[in-house]
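In: Need coordinates for the below:
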Amino acid sequence: MTLKCEPSINVGQISSVEWTFRGRVIKEAGRRTITDSSKGSVLKIEEAILRDIGIYQCTLMGDVLQFRQERDVTGDHIQEAPIIVKWSIGSLALGSNVTENGTSFCHTYEYTQGACGEPTSLTFTCKVDDLNYRRVTTLTISLERFTCKDSVYGNGRQDDISRQQCPTYQVGEKMAKCDNGKWKVVEDTCVIKVIKELLLSSEELQVEDVPGFVGNLSVEVKKINVTQSPHTISTIVEILGNIADVTLEVNQPVIEDVLQTVDEVIGEDSRESWTALNANENNNASSNLLGSMELLSDKIVGTFTFTSETGAILLNRSTFDNSFYANLNSSVVLDIPNTGFRNVSITTITLFTLNNVMPVRSSSSNPNNTDPVNALNAAVVLIRVNETIRNVTLSYTKLNTTLTQDPQCVFWNFKLFDNRGAWDRVGTMLDSTNRGLHIVFALFNSLQGFFILVFGTLFDSKIRSILARKSPTTSTGSNTTRSTSGGISSTGMNWFHRLHVYRVSEAANSGSGGASESFSNI
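Out: Numbering: from 1, shown residues only. So this is what the prediction gives:
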């Protein structure tokens with residue numbers, strides 16, 4: 001869509017130009033480009049969508065006078081341009097007998113097969129005029145039997161590739177490969193059209209637009225089933241990242257709409273989609289989702305609680321004096337004793353189903369290894385405070401008490417595997433005799449602000465950098481549980497980590513006993 005602002009009268013030398021949309025200044029970014037000249041200004045919007053409907057205004061500041069022009073763009077103005085399709089075989093242009101069938105343009109080509117012999121290949125090219133679209137199809141005529149037969153991907157031989165359109169109301173394509181008699185999807189870029197349009201809008205998002213935009217996003221995601229479309233989920237994560245980047249302050253309605261959107265894509269029914277995304281080394285959606293939650297949580301204001309519709313997400317934003325204790329849905333207990341501070345702001349976001357989302361690859365595994373031996377086995381807790389907290393204790397219940405491996409404390413290291421991220425070991429829970437124990441993780445530090453995910457992520461970069469160092473350990477014996485304790489490093493590191501293991505009845509009143517291990521040799 002192109003809008004021109006050219007006055008019919010002489011306004012003199014134009015010193016500045018301002019475009020607005022629905023009363024807000026348009027910034028040149030994403031799909032929008034503004035070209036100024038001595039005659040006026042031109043606003044060009046690529047891939048115009050229905051959300052571009054509204055009143056546009058252009059103001060030219062001349063040294064003689066000021067000129068203002070307004071245009072009301074309606075749905076009638078935003079329509080798909082006529083598509084002109086041309087076919088060719090090799091360098092030979094084919095006739096114009098192209099039949100339009102919905103959004104497909106077919107050409108009928110008659111070919112006479114000669115004597116049977118070596119396979120014959122014909123290459124057809126489909127090109128759309130005035131658009132950057134070109135598709136090459138190779139037709140191979142052979143006496144070989146088809147090993148793959150499917151109503152969607154057609155017939156094919158071993159290693160053949162088939163590309164097909166996405167279902168109705170989606171954009172992109174699916175590509176499958178014939179392998180051992182079955183078509184296997186190797187690439188799926190299908191995105192629900194309305195989500196794709198929201199992505200385009202999010203790339204031009206301004207601070208004042210955020211409340212209305214996140215509300216619209218939440219409504220649209222609820223209306224459609226996005227859980228079975230990996231690329232749609234990935235696109236939603238990208239949108240959340242754009243929201244987190246532009247937002248300066250997150251109030252209760254904004255974070256509730258964001259978390260309702262997240263709630264729709266982290267449930268059990270989305271597990272297969274996340275598995276596909278995590279297996280793709282070019283996609284970093286799960287790590288990006290964690291990063292967006294980190295950024296947004298740091299900007300929350302006010303005091304309130306929120307539980308998502310499915311109960312998979314619990315948020316608490318509050319203040320406390322000296323000490324803080326919270327039982328987060330009977331799955332996680334947070335205890336911050338004797339801080340000495342008053343009116344401390346604390347934000348906790350507990351995600352109970354993030355085991356459906358995060359890969360279980362670790363720093364010692366292959367980057368694409370799904371590592372079926374490991375499992376994310378607890379709720380994920382994100383904590384943010386605005387003061388220096390020296391003693392934090394978290395206890396949590398395992399999701400699966402039948403797993404035989406010793407549990408470990410790990411944090412999500414965003415930088416591993418070329419910034420794809422992976423779990424990095426922090427420590428091991430030592431008492432493996434009773435799988436029903438609550439595990440208590442205590443973090444002692446002198447840093448201001450921190451994020452902790454039990455079996456999850458330490459988001460704060462300052463903590464991640466400290467965890468990368470090594471501290472010496474000394475061993476002490478025990479008949480019931482092995483234990484080690486950490487000392488002060490030669491670099492003067494005045495902090496230490498300790499793991500405690502208690503029975504359920506003891507978790508609420510934990511003292512200094514129990515098994516412990518310093519987080520060294522990471």
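In: Identify the residue spatially nearest to S218, adjacent ones excluded.
Out: Of all residues not flanking S218 in the chain, D257 sits nearest, at 4.3 Å (CB to CB, 6 or more residues apart in numbering). Where you see a C-beta, it was placed from the backbone N, CA and C, and this is true even at glycine.
In: Check what pLDDT the one you found gets.
Out: pLDDT for D257: 97.
In: in which helix or strand would I find it?
Out: For D257, the element it lies in under DSSP states H and E is helix 252-265.
In: Just the buried positions in that helix, please.
Out: 252, 254-265 (16 or more other CB atoms under 10 Å).
In: Which strands or helices does that helix pack on?
Out: helix 210-223, helix 230-246, helix 285-297, strand 304-307, strand 313-320 (3 or more CB pairs under 8 Å, 6 or more residues apart in numbering; DSSP states H and E).
In: returning to that earlier point: in contact with the residue nearest to S218, which residues?
Out: Taking CB atoms under 8 Å, 6 or more residues apart in numbering as the contact definition, D257 lies against 214-215, 217-218.
In: Over to S229?
Out: Neighbouring residues of S229 by CB under 8 Å, 6+ apart: 170, 188, 190-192, 273.
In: try 10 Å
Out: 166-167, 170, 172, 188, 190-192, 195, 235-236, 270, 273, 276 (CB atoms under 10 Å, 6 or more residues apart in numbering).
In: Let me have the buried residues of helix 252-265 in TSV, extended by distance to V301.
Out: Output for the buried residues of helix 252-265, formatted as TSV (distance: CB to CB, whole Å):
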residue	distance to V301
Q252	8
V254	10
I255	9
E256	13
D257	15
V258	14
L259	15
Q260	19
T261	20
V262	19
D263	22
E264	25
V265	25
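In: for those, which one is nearest E70?
Out: For the buried residues of helix 252-265, the residue nearest E70 by CB to CB is V254; the value is 31.0 Å.
In: Just to check, that closest one is in contact with D209?
Out: No. Taking contacts as CB atoms under 10 Å, V254 lies outside contact range of D209: 11.4 Å.
In: Need the overlap of contacts for the two.
Out: Here V254 and D209 share the contacting residues I243, scored by CB under 10 Å, 6+ apart.
In: A276 and N283, how far apart?
Out: 9 Å (CB to CB, to the nearest Å).
In: Give me the pLDDT value at the residue minimising distance to the centre of the chain.
Out: The chain has V237 as the residue nearest its centroid, 2.8 Å off, counting by CA atoms, centre = their mean. For V237, the pLDDT comes out at 97.
In: Contacts only, for it.
Out: V237 neighbours (CB under 10 Å, 6+ apart): 261-262, 265, 277, 283-292, 357.
In: S234 too?
Out: 189, 191, 195, 265, 273-274, 276-277, 280, 283-286, 288-289.
In: What subset of the residues you listed is buried?
Out: Using 16+ other CB under 10 Å, the buried ones in these are 191, 195, 265, 273-274, 276-277, 280, 283-286, 288-289.
In: can I get those in CSV with pLDDT?
Out: Listed next are these as CSV, based on pLDDT from 0 to 100:
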residue, pLDDT
V191, 94
I195, 95
V265, 95
S273, 93
W274, 92
A276, 88
L277, 90
N280, 81
N283, 81
N284, 88
A285, 92
S286, 90
N288, 92
L289, 93
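In: I'd like to know how many residues surround N329.
Out: Here the count is done by other CB atoms under 10 Å, and N329 has 13 residues near it.
In: And the one 3 residues further on, by the same measure?
Out: A total of 22 residues lie near V332 under the criterion other CB under 10 Å.
In: Same question for S38.
Out: With other CB under 10 Å as criterion, S38 counts 6.
In: For it, report the pLDDT, please.
Out: At S38, pLDDT is 80.
In: hang on, N180 packs against R157?
Out: No. With contact defined as CB under 10 Å, N180 does not count as touching R157 (11.7 Å).
In: Look at the two and report which has more neighbours.
Out: R157 (14 against 8).
In: Check the offset of stretch 41-57 from the chain's centre.
Out: Offset of stretch 41-57 from its chain centre (CA atoms, centre = their mean, to the nearest Å): 27 Å.
In: quick one: buried residues of that stretch?
Out: Across stretch 41-57, burial judged by 16+ other CB under 10 Å covers 41-43, 45, 48-49, 52-53, 56-57.
In: Might you list the low-confidence residue ranges for this protein?
Out: Applying pLDDT under 70 to the chain picks out residues 79-85, 87, 90, 95-107, 114-119, 129-133, 362-375, 396, 403-410, 425-522.
In: tell me the domain ranges of it?
Out: By the assignment in automatic domain parsing, the chain contains the domains 2-73, 85-191, 194-301, 305-465+502-513.
In: Need the winner for burial among these.
Out: domain 194-301 (a mean of 19; mean count of other CB atoms under 10 Å).
In: distance between that one and the chain's centre?
Out: 6 Å.
In: For A276, which three-state class applies?
Out: Recorded secondary structure, A276: helix (DSSP: H, G, I helix; E, B strand; the rest coil).
In: wait, doesn't it sit right on T189?
Out: No. Using CB under 10 Å, A276 is not in contact with T189, being 12.0 Å away.
In: Residues that sit against both of those two, list them.
Out: 230-231, 234.
In: okay, those residues in TSV with distance to S16 next?
Out: Listed next are the shared contacts of A276 and T189 as TSV, based on distance: CB to CB, whole Å:
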residue	distance to S16
P230	46
H231	41
S234	40
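In: Return the member of those residues nearest to V381.
Out: Once CB to CB is applied, the member of the shared contacts of A276 and T189 that ends up nearest V381 is S234, at 24.7 Å.
In: and the gap between the closest one and G241?
Out: Per CB to CB, S234 is found 11 Å from G241.
In: what's the overlap in contacts for those two?
Out: Joint contacts of S234 and G241 (CB under 10 Å, 6+ apart) are 285, 288-289.
In: possible to save those as JSON lines with distance to I389?
Out: Listed next are these as JSON lines, based on distance: CB to CB, whole Å:
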{"residue": "A285", "distance to I389": "31"}
{"residue": "N288", "distance to I389": "27"}
{"residue": "L289", "distance to I389": "26"}
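In: Can you tell me which of those residues is nearest E6?
Out: N288 (42.9 Å).
In: From what I see, that closest one and I233 are in contact.
Out: No. If you go by CB under 10 Å, N288 and I233 don't touch, sitting 11.1 Å apart.
In: residue ranges of the strands in the stretch 301-450 of the chain, please?
Out: Assignment of strands within the stretch 301-450 of the chain using DSSP state E, counting those that start in this stretch yields the ranges 304-307, 313-320, 324-328, 332-336, 344-351, 380-385, 392-396, 408-413, 422-428, 438-444.
In: what would these look like in a markdown table with distance to S162?
Out: Below are the strands of the stretch 301-450 of the chain laid out as a markdown table (distance: least, CB to CB, whole Å):
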| stretch | distance to S162 |
| --- | --- |
| strand 304-307 | 45 |
| strand 313-320 | 39 |
| strand 324-328 | 48 |
| strand 332-336 | 47 |
| strand 344-351 | 38 |
| strand 380-385 | 39 |
| strand 392-396 | 47 |
| strand 408-413 | 37 |
| strand 422-428 | 34 |
| strand 438-444 | 49 |
